[in-house]
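# give me the fold of what follows.
(2 chains)
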2 protein chains.
Amino acid sequence: MTLPSRVTLVEVGPRDGLQNRPEQIPLAARLRLLDDLAAAGLTVIETGSFVNPQWVPQMADSEAVFRQVRRAPGVRYTALTPNLKGFERAMAVAADEIAIMTAASESFSQKNTNCSIEQSLERLAPVAAAASETGVPLRGYISCALGCPYEGEVDPHAVHALTRALFDMGCYEVSIGDTIGTGTAGSMARLLDLILSEFPAHKLAVHCHDTYGQALANILVALQRGIATVDASVAGLGGCPYAAGAAGNVATEDVVYMLHGMGIETGINLPRLVDAARHVCAALDIPCASHVANALKA
Amino acid sequence: MTLPSRVTLVEVGPRDGLQNRPEQIPLAARLRLLDDLAAAGLTVIETGSFVNPQWVPQMADSEAVFRQVRRAPGVRYTALTPNLKGFERAMAVAADEIAIMTAASESFSQKNTNCSIEQSLERLAPVAAAASETGVPLRGYISCALGCPYEGEVDPHAVHALTRALFDMGCYEVSIGDTIGTGTAGSMARLLDLILSEFPAHKLAVHCHDTYGQALANILVALQRGIATVDASVAGLGGCPYAAGAAGNVATEDVVYMLHGMGIETGINLPRLVDAARHVCAALDIPCASHVANALKA
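Residues are numbered from 1 along each chain as shown, chains lettered A, B, ... in the order given. Coordinates of the predicted model:
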């Protein structure tokens, strides 16, 4: 059990978080959030996605966000791109890094992207090839890695195979996503042990949701296996803790609090991060889903 | 790192939980909760406290609760007693087990019990002696073990010394309490490693609050050190997640979900436990602070 001495937080709030809010987010609020996050010390910020605005209207102005955001030195502003058209849009606004996403569950893949897992990889292959030609770093996401809303448990071997497929396509890092938050310290350990039997920890990240309150324990399991990249969302953006069916990305503040308590460096200024959380929640008039931000406010 | 194969949950909701609610709890609701918890498989239930009702009016009818509760076979109904008078009241209603509490922080001890830590041990000594004479099991609580609202960090050596003092007084088990929830996987590991250098894991329990979202990660750290007794509160009773200053016991449902996911037996029926959480929250008209109960409701 060797804990990493330093962890990189991949801040997904401005994309994964805001995309899953019901309301349309004003451009100014998105830009302010990005500035606040960079000022708090985040160095990788998922900034927008280039998907069909008919399906994800919240991300419709991602071009404007990328064009207008003040690029802080040392910060990577990344974009999710589901296809070649999205990739070209992302390149046109100089995204620093590209992410592609697939799911470990056939039912989820069918219902969300109207194709099989195999077909999703075929669709993503041209994006990966274009990224390789362009030289832009490519990150892979696997959703539903620890559970599927339609199928329940997910076979760790399927996730392992998908991880390999994403590395084969040229991803420098694969983020293992517990999209519905049903994973536990047990299922996370089993899955990671399998994947780590083939791939080194420094090429993996975890992406945990706190729907069942398990996110930090699951992240701890990953850290104990040497994984040093953790996805998180400021203020827990992406789920509403007060609504039925609440799904929520783990709050960046809560992860940072744990990491600092463990003596692990992040480069993040927690009070400034809490300020960023308060600003965005005030701008959107939503409650904050971060335990730490709420506790420190008290 | 040897995980326990079975964990005992000490359910503190009916005492620690309800005591910290602002409202007066109807006797019928307390009795119903106790029945529901026993039916869900809890085997140790902190049922009431025998303190001065002037200070803790929520627990004023603890005699009635102990007299009227249907004692389920195999379940220990326990009581917190701060002094000899409380002990005698608990014995008069045949409490199965007695708990005594002290704090690891001088400031907290002074502000909450108007005496030093040393004086609190002197006050508790007659209770411990009486428990020994009577043959009733005695449990010790240490509050503020990982942080104090007045002093901040707490010296692990002070907690270690206090643990020894409680064992010396005859406690069969000491519960290490992160009363304000500021502990992390880092501080919990350091504290437990120190205490475990002298005392075996089977004599220790942890009592975590989720104020900063750290409770399950901290409990995981304890499990990884062989600790197999965990305090928790159904529905996270004891804190209000929607209020500023929210402090909250970790929800029993969330702990059980993690344990079952890790293949650790608890003897608890999670759906019935979730039902118990819903009943008590409906009876008190309060929101439920358990992630699992809320997620399963969706």
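
# give me the phi and psi angles of A:Glu265.
As for A:Glu265, its main-chain torsions (degrees, to the nearest 10) stand at phi -80, psi 140.

# that one reaches A:Pro4, doesn't it?
No. With contacts counted by C-beta atoms under 8 Å, A:Glu265 stays clear of A:Pro4, the gap being 9.1 Å. All C-beta spots, glycine's among them, are computed from the backbone N, C-alpha and C.

# of the two, who's got more company?
Regarding A:Glu265 and A:Pro4, a neighbour count based on other C-beta atoms under 10 Å in any protein chain shown identifies A:Pro4 as having more, with 21 against 12.

# separation between A:Pro271 and A:Asn249?
The spacing between A:Pro271 and A:Asn249, counted by C-beta to C-beta, to the nearest Å, is 21 Å.

# and those two? Which one has more around it.
More crowded of A:Pro271 and A:Asn249, by other C-beta under 10 Å: A:Asn249, with 29 against 10.

# off-centre distance for stretch A:109-117?
20 Å (C-alpha atoms, centre = their mean, to the nearest Å).

# may I see the buried residues of that stretch?
The neighbour-count criterion (16 or more other C-beta atoms under 10 Å in any protein chain shown) identifies A:Ser109, A:Gln110, A:Asn112, A:Thr113, A:Ile117 as the buried residues of stretch A:109-117.

# out of those residues, who's nearest chain B?
Within the set of the buried residues of stretch A:109-117, A:Asn112 lies nearest chain B; the separation is 18.2 Å, counting by C-beta to the nearest C-beta.

# what's the helix or strand that contains the closest one packed up against?
A:Asn112 is located in helix A:106-113, with elements delineated by DSSP states H and E. For helix A:106-113, the contact count by 3 or more C-beta pairs under 8 Å, 6 or more residues apart in numbering or on different chains; DSSP states H and E identifies strand A:97-103, helix A:117-134 as packing neighbours.

# now the buried residues of stretch A:109-117 in TSV, with pLDDT and distance to A:Tyr141?
As requested, those are exported to TSV (pLDDT from 0 to 100; distance: C-beta to C-beta, whole Å):
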residue	pLDDT	distance to A:Tyr141
A:Ser109	92	13
A:Gln110	93	18
A:Asn112	85	13
A:Thr113	86	12
A:Ile117	96	13
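
# among the residues you listed, which two are most distant?
A:Asn112 and A:Ile117 (11.2 Å; C-beta to C-beta).

# what do those two both touch?
Counting by C-beta atoms under 8 Å, 6 or more residues apart in numbering or on different chains, the contacts common to A:Asn112 and A:Ile117 are A:Ala103.

# for A:Lys85, what is the enclosing helix or strand?
Secondary structure assigned from DSSP H and E places A:Lys85 in helix A:84-92.

# where does the prediction get shaky in chain A?
Within chain A, the stretches with pLDDT under 70 are A:1, A:239-247, A:298.

# that one against chain B: which residues are in contact?
A:1, A:181, A:183-187, A:189, A:210-214, A:216-217, A:219-221, A:241-242, A:244-246, A:251, A:254, A:257-258, A:260-263, A:287, A:290-292, A:294-295, A:297-298 (C-beta under 8 Å from any C-beta of the partner chain).

# could you rerun that using 6 Å?
Those residues of chain A that sit near chain B, judged by C-beta under 6 Å from any C-beta of the partner chain, are A:184-187, A:211-214, A:216-217, A:220, A:244-245, A:254, A:257-258, A:261-263, A:291-292, A:295, A:298.

# deepest of the helices and strands packed on helix A:106-113, which one?
By mean neighbour count, with neighbours taken as mean count of other C-beta atoms under 10 Å in any protein chain shown, strand A:97-103 ranks first of the helices and strands packed on helix A:106-113 at a mean of 24.

# could you check the angle it makes with helix A:84-92?
Strand A:97-103 and helix A:84-92 are oriented at 160 degrees to each other (axes from the mean of the first three to the mean of the last three C-alpha atoms, to 10 degrees).

# can you show me the strands along the stretch 101-250 of chain A?
Ranges of strands in the stretch 101-250 of chain A, per DSSP state E, counting those that start in this stretch, are A:138-143, A:173-178, A:204-208, A:229-232.

# quick check: phi and psi at A:Ala79.
Its backbone dihedrals place A:Ala79 at phi -140, psi 140, with angles given as degrees, to the nearest 10.

# my guess is it contacts A:Ala94, does it?
No. In this structure, A:Ala79 is not within contact of A:Ala94 by C-beta atoms under 6 Å, at 9.8 Å.

# who's more crowded, those two?
Taking neighbours as other C-beta under 10 Å, A:Ala79 and A:Ala94 compare with A:Ala79 leading, 27 against 12.

# next one: the more buried one relative to chain B, how far apart?
In this structure, A:Ala79 and chain B are 29 Å apart, going by C-beta to the nearest C-beta, to the nearest Å.

# what's that residue in contact with, if anything?
For A:Ala79, the contact set (C-beta atoms under 6 Å, 6 or more residues apart in numbering or on different chains) comprises A:Gly48, A:Phe50, A:Ala90, A:Ala95.

# over to A:Met169?
Taking C-beta under 6 Å, 6+ apart as the definition of contact, the neighbours of A:Met169 are A:Ala128.

# try 7 Å this time
Neighbour list for A:Met169: A:Leu124, A:Ala125, A:Ala128 [criterion: C-beta atoms under 7 Å, 6 or more residues apart in numbering or on different chains].

# with distance to A:Gln19 as extra columns, can I get those residues in TSV?
Written out in TSV, the entries for these read as follows (distance: C-beta to C-beta, whole Å):
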residue	distance to A:Gln19
A:Leu124	19
A:Ala125	24
A:Ala128	22
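
# now, which of the residues you listed sits nearest A:Pro156?
A:Pro156 lies nearest to A:Leu124 out of the contacts of A:Met169, by C-beta to C-beta, at 21.6 Å.

# just give the nearest non-adjacent residue to that closest one, would you?
Distance criterion C-beta to C-beta, 6 or more residues apart in numbering or on different chains; nearest residue to A:Leu124, sequence neighbours excluded, is A:Ile100 at 4.7 Å.

# pick the one among the contacts of A:Met169 closest to chain B.
For the contacts of A:Met169, with chain B as the reference and C-beta to the nearest C-beta as the criterion, the closest is A:Leu124, at 30.4 Å.

# many thanks, I have nothing further to ask.
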